[in-house]
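Student: Following is a predicted model, sequence given first.
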Amino acid sequence: MKKLSLLVLGFAFACNSSQKTVSEAQQPKPVASPVSYAESITQDELKEHLYTYASDEFEGRETGAPGQKKAVDYIKAHYESLEIPPAQSNGDYFQKVPLEMSKAPQGNLSINDTSFELGEHVLTFSEAKGAHNSIVYAGYGIEDGEYSDYSGIDVKGKYVLIKAGEPVDANGVYEISGNMEKSVWSNASEAVGKKQDIAHAKGAIGVLYYDMLSFPRFSRYFQFMKKNNSGRMRLAEDKSDEVLIYLDDTAVKVLKSDIEEDNVPKVIEADIQLNISSSNEGINSENVVAVLKGSEKPDEFVVISSHLDHIGVTSDGQINNGADDDGSGTVSLLEIAQAFKKAADEGNGPKRSIVFLHVTGEEKGLLGSRYYTDVDPVFPLENTVADLNIDMIGRIDPNYEGARNYLYLIGSDKLSTELHNLSEEVNNKYTNIEFDYTYNDENDPNRFYYRSDHYNFAKNNIPIIFYFNGTHADYHRPSDTPDKINYDLLENRSRLIFHTAWEIANRPNRLVVDKAAD
């Protein structure tokens, strides 16, 4: 009886012990320290990568050119060596990005028997043909909240005349914002596209756009295309029938002489003859996408991105190596991937999946990232937690000569307060870099928030951070070479981004988006 009691007691303890083990197994695995993995990102390895990636052999990595093909092969080989698999279900690291090069158009636009040759007073970058006996004037071409320049007018099947800017009263109060602050509609870089999208959504077949301040900039670009027999690159998926024609003061006054004063939408009777032709050439390019699957939340994705392309060779044969832009971001991403794989190999892989995204065509208009977000997301955007975008982090700009330990951060607080706070906490804990938010200011004239690949994620309400060292005298010049990179800074900045991605990937809940994209 005593022996039986002992056996029963022993069995009871065994059951309790077994239950405890099961309960413990159900607990989330504690997150390992990321420090040793971050320390695997070294300036020596960054330098070795960059002296190859930004060498003359890669011929400036022009989108679609042989040098860019060498670049994607180099990136692919790195992920293969790490045994980080391709992201696409077909087993290919390369996400094909079909592009099209539109040559500088030729022809003329006639308004009420006054003919304007393309390039003089009239500009466009697409083909436009046809005859029309009227257009619709839509003032500023804005539709925002309760304000609409399209009330009472029908633009379906018509060309729409729009002017730059936004309505402001005699006291300097802007109607959209309701105060003295300009809105996005006053920003030349963003507003034209937004206004064009509204017009086409309402059925317009084309937009005549009057913007006297920006016309010289577009004219210089057009003349460069024409002189160099080059073209404007775009996604092949972009609709070719969405025509945008820029008019200067001379051309618009033939059509509507009082456009500066009159904001009232109306139909304008006019004889419009369009005879503008263009030729297009297909170009094949590719993003490189690899993924490290998460251990607990594999269907939530943290994207780390950089662009793999640069601007190629100058007309006189000089190679633009692009060591900082964006060789620095590319090699940083390669090293960050290696650090995450080291953690995974030791059983400490990220809880969420990490997507390593190298995009093409950034220099041509953020084309590769737009293809990923707007045309063919490899992973669902609704399951994408954040994008950390790296574009130029290897140099010091003129504002920080003698004060090296800095980095510009852009966009961290635009969509998620949590992301901004997390970013600050990670930096204070691990890297102690001085964050400069100068270019994060909505009124900053450089508009960097809209000028790199993170923006295509941000416009889809995905929180982002853009890491940037600012421009310098070698920006977009053959003198942007690997010997001018500050490799100790590149190391520390890369470690910062790794730590930030680590925290996002391993936190219990995904980042809260508490602000909406514009």
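Tutor: In hand now; what should we look at? Model, not experiment: these values are computed from the prediction.

Student: drop to CA atoms for contacts and neighbour counts, all remaining ones
Tutor: Noted.

Student: And the helices in this protein?
Tutor: 2-26, 35-38, 43-53, 66-82, 188-201, 215-228, 249-255, 329-345, 367-370, 417-426, 454-458, 487-506 (DSSP state H).

Student: and of these, who's closest to residue 309?
Tutor: Evaluated over the helices of the chain, closeness to residue 309 peaks at helix 66-82, with 6.4 Å, by CA to CA.

Student: Tell me the buried residues in the closest one?
Tutor: For helix 66-82, a neighbour-count test (16 or more other CA atoms under 10 Å) marks 67, 68, 69, 70, 71, 72, 75, 76, 78, 79 as buried.

Student: and among the helices of the chain, the most buried is which?
Tutor: helix 367-370 (a mean of 28; mean count of other CA atoms under 10 Å).

Student: Can you give the contact residues for it?
Tutor: Residues from elsewhere that reach helix 367-370, judged by CA atoms under 8 Å, 6 or more residues apart in numbering: 97, 234, 235, 286, 287, 359, 360, 361, 362, 453, 454, 456.

Student: change it to 7 Å
Tutor: Defining contact as CA atoms under 7 Å, 6 or more residues apart in numbering, one finds that helix 367-370 is touched by 97, 234, 235, 287, 359, 360, 361, 362, 453, 456.

Student: cool, stretch 310-321 as well?
Tutor: 54-56, 59-62, 322, 325, 363, 476-478, 480-481.

Student: That one: end-to-end distance?
Tutor: 8 Å (CA to CA, to the nearest Å).

Student: Let me see the mean pLDDT of stretch 427-440.
Tutor: Here stretch 427-440 scores 98 as its mean pLDDT.

Student: okay, how far is it across that stretch, tip to tip?
Tutor: End to end - CA to CA - stretch 427-440 spans 18 Å.

Student: With stretch 438-450 instead?
Tutor: 15 Å.

Student: Show me the strands in the stretch 351-500 of the chain, by range?
Tutor: Per DSSP state E, counting those that start in this stretch, the stretch 351-500 of the chain carries strands over the ranges 352-359, 384-390, 406-410, 434-436, 464-468.

Student: what about the strands in the stretch 201-350 of the chain?
Tutor: With DSSP E, counting those that start in this stretch as the criterion, the stretch 201-350 of the chain has strands spanning 206-210, 231-235, 243-247, 266-277, 280-292, 297-307.

Student: residues of the longest one that come out buried?
Tutor: Of the residues in strand 280-292, those scored as buried under the neighbour-count criterion (16+ other CA under 10 Å) are 280, 283, 285, 286, 287, 288, 289, 290, 291, 292.

Student: Distance from the chain centre to it, please.
Tutor: Between the centre of strand 280-292 and the centre of its chain there are 15 Å (CA atoms, centre = their mean, to the nearest Å).

Student: and it, what does it pack onto?
Tutor: strand 94-103, strand 352-359 (3 or more CA pairs under 7 Å, 6 or more residues apart in numbering; DSSP states H and E).

Student: which one of these is the most hemmed in?
Tutor: Note that of the helices and strands packed on strand 280-292, strand 352-359 is the most buried (mean count of other CA under 10 Å), with a mean of 26.

Student: and that strand, what does it pack onto?
Tutor: So strand 352-359, by 3+ CA pairs under 7 Å, 6+ apart, packs with strand 280-292, strand 297-307.

Student: mean pLDDT for those: which is lowest?
Tutor: It's strand 280-292: among these, that one has the lowest mean pLDDT, namely a mean of 95.

Student: nearest residue to residue 185 other than its sequence neighbours?
Tutor: Spatial nearest neighbour of residue 185, excluding adjacent residues (CA to CA, 6 or more residues apart in numbering): residue 191 at 4.9 Å.
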